[in-house]
Every structure is written in C-alpha cells, then in structure tokens.
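Colleague: Dropping a prediction and its sequence here:
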Amino acid sequence: MARIELRDVVKRYGAVEVLRDINLDIQDGEFIVLVGPSGCGKSTLLRMIAGLEPITEGDFTIDGVRMNDVRPRDRDIAMVFQSYALYPHMDVARNMGFSMEIRKDPVQDRIDRVRGAADTLGLSALTKRLPKALSGGQRQRVAMGRAIIRDPRAFLFDEPLSNLDAALRVEMRLEIARLHQKLGATMVYVTHDQVEALTLADRIVVLNGGDIQQVGSPLELYERPANKFVAQFIGSPTMNVLPVTGGDHGVTVANGVTLALPHLPDTLQATELGIRPEHLDVVPAGAGEIAGVADVVEHLGSDTNIYANIEGLGSLMIRKHGNIPIRSGDRLGLRFQTENAHIFAADGTALRRATGSADKAESGHAPTRSLDSDPLAVLLEDPQ
Amino acid sequence: MTTRVQNTVMPGEPRARRSLYWQYMIEPFLYLSPAIFLIGTVMLIPLIIGISYSFQAIELLNPFDTGWVGFENYLKLWSDRKFWIALENTFWWTFWSISFQFFLGLGLALLLNTQFFGKRLFQALVFLPWAVPTFLSALTWAWLFNPVIGPLPHWMASLGLLSEPYNIMGDPSLAMWGPIVANIWFGVPFFAITLLAALQSIPGELYEAAEIDGATPWQCFTKITLPFLAPMIAITVMLRTIWIANFADLIYVMTGGGPANSTQIVSSYIFTTAFRKLDFGYASAIAVALLGLLLIYAIILLWLRKKLVKI
Amino acid sequence: MAVARSHPALTVGKYAALLGYLTFALFPLYWLFKIAITPDQLIFTEGTNLWPSALTIDNFRTVLFQTDFLAYFGNSLFVSLGTAAVTTVIAAGAGYAFSRFDFGGKRLIIAVMLVTQMFPLLMIIAPIYKIVASLGMLNSLTSLIVVYTAFNIPFATFLMQSFFDGIPKDLEEAAMMDGCSRFQALRKVIFPLTLPGLGATLGFVFTAAWSELLFALMLISKNEAMTFPVGLLTFVSKFSVDWGQMMAAGVLALIPSCLFFIFIQRYLVQGLTSGAVKG
C-alpha cells in the first residue's frame, strides 16, 4: 500500500516544458484518474511515477521516501500498458510470472500465484498459449494478471482499454473497478475517455497543456468546474458556452436577454456563461428566457437530444430524459436552470459564490455535497 | 561500466545512487563505446593520417627522400594525364554500372512484389550473386569472357556483335564492358533488396483507393509507387554511386587497369600507385581528390533530394 | 497486382522476365560449376558446350588434397566467423543505443558513420598498413578481424537499429517494471526477439568478410596466413593453365557464403522494411 506525493514536479525535454509545477497527493488505496486531451502530459506524468522517465525537477515520494532516483525495478510498482506489452516469446503463465522469475521467488510460490491470478481473471484454460494466439480482451487480462501477481504497492494503468471495442471496454472497466475494491491498492489510471474517468475514479486530475487544471471527485468536477476547460472537458454531451456581459447579480446574454444569477453575486467580470445540456428546459414557444427553432433532434429512447438554433446566439444543445415529442423545425422556448449555470471570467476561470474562503480552484478535499437529483446518472451513460 | 555492475549485484538494497537523469545520459555511450572506439582508431585516425600523407613524399622505393612537400603531390596530379583518363573512366564505369543496376534492380523488385509460384526460392536464387565473393565474381566473369573456356565471345560473334570470338578485355575500346557487366551482375540484387523493402512499406490501401478512382496500372506506378520510392531511390543511388566509384576490386582482378590504362579508374589507380609503385604520398593525394569529388556529388544529390522529394 | 492476372500477355511477359533474371543470375555460377567437373582433356575441345560429355571430380580432389586450399579455407572461416561475431555484438550495442536513447551527439555520430561509408577505403589503406606494420601485426589474422570489424560496424549498426526499432519499447519498459535491470530486460526480452536480426547481421558481415580482397592482399603476404581471396589469386598466377582446378576452388569458396546468404536474405528485406524507409 502506498501514499504517493508529487511536489513541484517539472518535466522538460530540452527547452520544452511538458509538465509544470505538479503538486499531487495520492492517498493510500485511492483510485486516481489522470485525464486530459492528447499531449497534455498525462502519460508522461504516469511514466515519471513508474520511473520510465526521469523527473527534471521536484520531489516524488512513496510513503515519504524520495523515489526520484530509484530505478523502476526497485519502486515496487506494477504497470499495465496501452499496448499490453506482453512478451511475445513467452506463454501466458510465464508472462504473468515473469516478475517473480526475475526476483527469484520460490518456484512453487510462483506457480500457485499464477494459477490464482489466472483463475481470478478467467485465464486458466489459456496458460500455455502464446500472446499471439489470444484475443484482445484476453491479452488485456494477461496484462492485468501480470500486474496483480506480485502484489505491488501501487498499480499504474496507461490507457489500458483504448485498444478494445466498446462492449469489451465496458466489461473490462467493471473488472478494473472490482479489482480495486478487492485489492484496495493505490491505483493511478491514465485515460482520455471521461466516462472511464468518471466511473472509476475516487478523484480525477484534469490536465491540460502541462498544468493541472483541477483535482476533485467526479461530482465536484461536474458541479463546480474550476474553469471553462474543465467544464467543457467533463460531462457528455459538452457544456454549452455563450458569450455574456456581466452585470450586478446577473448576466446579459448576447441577444439581450438578462439572466438573474442570485447564487453568483460575483458576476461583474463574467464574459461567458456555461450551461449543461441537461440544465436547459424545453417550454412552449413564447415562454422561457429565449426562443429557438429545433434544428436536429436525436431520439435515443432514454433521452432526447435537441440542437436548437437561437437567433443571434448560434446553436444550443438540450438533453432531456425520456422521449420528448419535438421534431426538427418546431419552434420552442428554453428556460435556463440558473442555479446550475456557470460563469467564466475572460481568462476562463469560473466565478463563484463569495464564501469567504477563495475556492476558485479547490484542490479536492472538500466534502462531497449530497444531492436530491443525481447528475451522475446522466454522466455515467456511455455516449456510444 | 563499473557503476552498473555494482548496481546489479546488490539488488533491493537502499543505496545512494547517481541520479537516474545522469544514468540516462551516460548509458547509451556504454553501448556505443566499442563501436566509436573501433571506428575512431581503424577509420578516422588513418583517414587523418592519410590526408596528411598527401602533403608528404613517402616512397618506399626512395626511403631517403621523405618529408613535407606541401601541395607538390596535388600539382603533380593536376598535370598527370593518367589521372584525368582515370577520372573519365571512373565516370563511365560508375554511370553505366549504376544505370543498369538501378533499372534492372527496380524491375526485379517490382516482379518480386507480385505473387507467383515458387517466389521464395526464386528470390533466394536471384539474390545469390550478391553473396558471391567479389574476387570470385571477377574471376568468373573474366573466364566467361575468355574465348578459350567461356561461351560469351562465341555467342557475341554469332550475334554479329564481334567480328570473331576474341577477348573483349584485350581491346582498349571495349575492355571496360567486362568489369561493368560483372558489376551489374553483382549489384542488381542490392538494388532489388532495398527497393523491394521500400515497395513493401507502401500501404496497400493506396492502390485500392487509386483503382477505385479509376487509375490505370501505369498511373498507379507513376503517381503512387515512384513518389513513395523516391526517398529510398535517392539515398540508395547516392550511396551506391559513391561505393561503385570507390570499388576497385573487380577491375583490379579482371583487367588490372589495362589494356593501356583503358580500364583504369581512379580507385584502381590509387591502388596501383600505392602498391605497385609504393608511392604512398601521391596515392593519398589522388584519394583526397576522389573524396573531395564524391563529397561534392553527395552534397548536390542531397540538396536535389531536399528540393524534389516531398515526403 | 491484379494486372498480371487479367492480361495473358502480361503474364507471359512476367514469367519471361523472371526466367531472364534467373538465367542472368545463375548462368555464371553454372559455368563455374560446369568447368570444375569437366575432365582436363575436354576443357578446350568442348570449351563452349553447355554440358560436357564426361564428368570428373578429380579437380575437387586435387584442390582439396594437393594444394594449400584447406589452409586458406580455414583461415577465411576463422577471419569471417570472428569478424561476424565481434561485429554483430558491437553493432547490436550501438544499434540498441540509437534505437532506444536520445542523447547529445547522436546525430553527429550517425553522420560520422554515414561518412565512413563514403570515403575511399583505399585512402586509409596506406596508413593502416603502416600502423599494422609498426605494431608487428602483419600476417596476423587478428589484425584482419579488427580491420574488417571496424569497416562493417556502420552498416551492421544501421541494420540492427532497424530491427530494434521493430520491437516495441513498451516491452522492455514492462520488463523493467517487472523488476529487470535494463541489461536483464535486454537479455531476457529483447534478445530472444532480435534473433532473426542478429542472424541477418551475422550472415551479412560474414559474407562481406569472406569476400574482402584488398586489405587481405595488403596485410597478408605469408602463404600460411592467406585468406581465400588472396590464396585464390596466387592460385590464378601459379596455375594459370589449370582452369578445372581453379574453378573447383571457386565452387568450394562459394559454398559457405551462399549458404549463409540464402538463410539471411529474407531477414535483410524485413530489416530494411521495418526501419530504413522511415528516415
């Protein structure tokens, strides 16, 4: 078990800074997901924890011991690679037992543990096969077996599911979640898929351009994104963003409509307003704050997605539970659930209620609020 | 080396170690050092010595007359008629060898990139000339051109190419073709292997897409195959040209530069000067001149490649 | 290509071309073999017949047992195997460094290696002769191995690099996470996967060393230290009338390098495909 700490960590390739001032505490047994667009540095960060990339500056400790200069083999961390990285010339059993072979653990011990892991992962019938004779899902399982076999202090996952098809991905995601429950080990998981992040994580770290944008539980990131990037990156479908002018206790949308935002007194510097598709209500034409015309309507059965054209504003997306009887070309009115609106300053920072403590970019230890309605239910559906 | 060995003999022990960063910097040089050492001592140092020889008089037959002579060797070179003949011969030798090797090699590579019965055996057999030791290919072709035991003069005579079956390598106007044919035979497989490798790396979908777009096979060849091969062609032709211009073995064994210097190329002239006349100083000057010319050629070709090749 | 299948004329043309290449490639070798098995008295009378009316293996017997042929053969085998083994080990190290590390001076070292492929080796023949002579290493097979190794390192390195490039970096990283040192990862994971590459490089260098003539000619003058090419050339001058024996010696000289080459040629194409084209 391990508590992992990163202090002021910087990574440079020559003059190019790929990670800046990374500060992160990972608690013992926590499941942390690093998420962000490609090129944001999330894989580099993971590889630095693994010891596969040297750390340019800063300190990295596991259980209080500085690990910067400890080689990967001595860190006692297991890693599952995106490509699985199974040894092509070894059969499944030897692949899984390789770490124990290297450490010269007793042979009987090794055989027992390989058998145990193979049983757990449903690989017992395949232990004599070579990787090339396995399907993608089976290879993925072997890669996980190789990681769990030696009971490491922490597990690292580098986009482990990205090479699987959609159905298998859901299945393996559940398996990883179960594994975490069962082992209770510290896990760090890299993905660009926000659904994986939201379902698996205790806490999510959102990275962009080499900076940590926000750290927090899935709900925190959904409800209180620290900035426009996080707001748009987390949540599917993506949050609508409209240009506004800030006023006192409210904003004016570009086409002249004024929205009162009593829960957000600090609205003077607002330049944009964010509203999630599920926080817009469809009302009869003429009612609501703005009027629009339904452009494309997607009936998904459980939900209806409406893309509405608003004069002077462009397109807004609305998502409603159930089957809403609206067709393309219908005129409709829209009402903002203003208590769920977000406003952003010119630099993208989210403006918040003045609560004395400046919680602009909170680092995630705030207790999670309990909610009447569960927005996660919306969040967790696979977009596929 | 020592730090790594120490690290591996006591695994698991907590120890002060140099930073990983340092290790990442130094480690590649451990793997490279034997190569760097050998290339440095066996090639680069002799190269520098060789260049310095070209400014000295070093004649083994004349051991008392040694010393620095400045550009004397080069001035001698400038007025050496044999050198200019050799230079002209080098040009034709290289030009004809490379042209035939390239076009025959390209044809072979295109054939090998198709499917046919017995392809693997065919490929192994047709590449075989490359494996034949150079001196042996030289001897074999010399024998084939010999009217006493070889069939070629007789065949050429009956085809009307020759008035009677004689050895073309005794005829100053034709002698060069002996080594050139041997060189073509020996060099086609190299081109075929490299071009085949390049052909196999062209994604098949490109041809399918082109076919759907209605391209004829000839259009496929000129619009897809050639542009994809171009970088490989440029680099291979460049390396092979330089290599062939330097390649004296075939000529040395087959004709020795004769008759009447008609097959003397610059590199065989260097060899004769150094090891027949034992005049190392002058031989080095010729070699430096050849190196200079080849470098100019390489720079021009690389520049052209940069200009012309888009991918 | 579907084209060949659709036009019968093209198919015929293709097979004619294949036959043409095959004849061009093999005829000289066939001729070598033919004369070697022709009895002496028929060589001149049937000089240009495609097949002799009588066969003999006397030439082979004479070459093997009444000349220094076996000594040359042994020397060449020693030099070529030694060169191939040493070069492959060194080139594997260098190729691995090029494939897996990014370090200062990498481009410079690669450029220098490319330049060594360009300059006339004849240029360094005199300095090497002087150095070897001053070390008292003339007529030593070891000096030949050292020189050949250096000459072959650059190409062998590029070849090995392209084979290493074909092996995912993830594999040795996984091995390091599993507890290997880099060297262990190399030995247990990468090495078994590079065996075809090592074989190809070994064969390539062997063939090159087996045929080298000029440096052997220069550094070796004693009969008992001669390698095959040098020995065969003295053969030519000594027995310039005995065609049958020379050809028999030639056929025997051909055997090892051809065997090696048939084994490696497929991997050569593979190696060049995976790496070289990218640059």
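Modeller: Done, it's in. Numbers count the residues shown, from 1 in each chain, chains lettered A, B, ... in the order given.

Colleague: Could you pull up the residues touching residue A:152?
Modeller: A:76-78, A:185 (C-beta atoms under 8 Å, 6 or more residues apart in numbering or on different chains). In short, each C-beta sits where N, CA and C put it, glycine included.

Colleague: now the residues you listed as a markdown table including distance to chain B and neighbour count?
Modeller: What follows is those, written out as a markdown table (distance: C-beta to the nearest C-beta, whole Å; neighbours: other C-beta atoms under 10 Å in any protein chain shown):
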| residue | distance to chain B | neighbour count |
| --- | --- | --- |
| A:76 | 10 | 18 |
| A:77 | 14 | 23 |
| A:78 | 16 | 27 |
| A:185 | 21 | 21 |
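
Colleague: Columns pLDDT and secondary structure on top of those residues, output as JSON lines?
Modeller: Below are these laid out as JSON lines (pLDDT from 0 to 100; DSSP: H, G, I helix; E, B strand; the rest coil):
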{"residue": "A:76", "pLDDT": "90", "secondary structure": "coil"}
{"residue": "A:77", "pLDDT": "91", "secondary structure": "strand"}
{"residue": "A:78", "pLDDT": "92", "secondary structure": "strand"}
{"residue": "A:185", "pLDDT": "91", "secondary structure": "coil"}
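
Colleague: among those, which are within reach of chain C?
Modeller: Applying C-beta under 8 Å from any C-beta of the partner chain, the subset of these adjacent to chain C comprises A:77-78.

Colleague: Can I get the contacts of residue A:152 in CSV including distance to residue C:64?
Modeller: As requested, those are arranged in CSV below (distance: C-beta to C-beta, whole Å):
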residue, distance to residue C:64
A:76, 64
A:77, 64
A:78, 62
A:185, 71
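
Colleague: Quick check: residue B:150 touching residue C:28?
Modeller: No - in this structure, residue B:150 is not within contact of residue C:28 by C-beta atoms under 8 Å, at 9.6 Å.

Colleague: list the residues that contact both of the two?
Modeller: Shared between the contact lists of residue B:150 and residue C:28 (criterion: C-beta under 8 Å, 6+ apart) are residues residue B:144.

Colleague: what's the following helix or strand after the helix or strand encompassing residue B:48?
Modeller: Assigned by DSSP states H and E, residue B:48 belongs to helix B:45-53. Once helix B:45-53 ends, the next helix or strand along the chain (criterion: DSSP H and E) is strand B:56-57.

Colleague: any idea of the mean pLDDT in that following strand?
Modeller: Across strand B:56-57, pLDDT averages out at 82.

Colleague: burial count for residue A:92?
Modeller: 28 (other C-beta atoms under 10 Å in any protein chain shown).

Colleague: and the closest residue in space to it that isn't next to it in sequence, what is it in contact with?
Modeller: Counting by C-beta to C-beta, 6 or more residues apart in numbering or on different chains, residue A:127 is the residue found nearest to residue A:92 once chain neighbours are left out, at 4.8 Å. Contact analysis of residue A:127 by C-beta under 8 Å, 6+ apart lists A:91-93, A:114-115, A:118.

Colleague: Pop out the phi and psi values for residue A:127.
Modeller: Torsion angles at residue A:127 (phi, psi; degrees, to the nearest 10) stand at phi -60, psi -20.

Colleague: Residue A:300 now?
Modeller: The phi/psi pair for residue A:300 (degrees, to the nearest 10) is phi -100, psi 0.

Colleague: same deal with residue C:24?
Modeller: The phi and psi values for residue C:24, taken as degrees, to the nearest 10, are phi -60, psi -40.

Colleague: Check the one 10 residues further on too.
Modeller: Backbone torsions of residue C:34, given as degrees, to the nearest 10, read phi -60, psi -50.

Colleague: Would you mind confirming that residue B:85 is in contact with residue B:264?
Modeller: Yes - contact criterion C-beta under 8 Å: residue B:85 and residue B:264 qualify, at 6.6 Å.

Colleague: what is in contact with these two at once?
Modeller: By C-beta under 8 Å, 6+ apart, no residue touches both residue B:85 and residue B:264.

Colleague: Which one's more surrounded, the two?
Modeller: residue B:264 (26 against 17).

Colleague: tell me the contacts of the nearest residue to the more buried one once chain neighbours are set aside?
Modeller: Distance criterion C-beta to C-beta, 6+ apart; nearest residue to residue B:264, sequence neighbours excluded, is residue B:257 at 3.8 Å. Shown in contact with residue B:257 (C-beta under 8 Å, 6+ apart): B:251, B:263-265, B:268-269, B:272.

Colleague: try 7 Å
Modeller: B:251, B:263-264, B:268-269, B:272 (C-beta atoms under 7 Å, 6 or more residues apart in numbering or on different chains).

Colleague: what helix or strand is residue A:304 on?
Modeller: strand A:303-310.

Colleague: which stretches of chain B form strands?
Modeller: Secondary structure of chain B (DSSP state E): strands at B:56-57, B:67-68.
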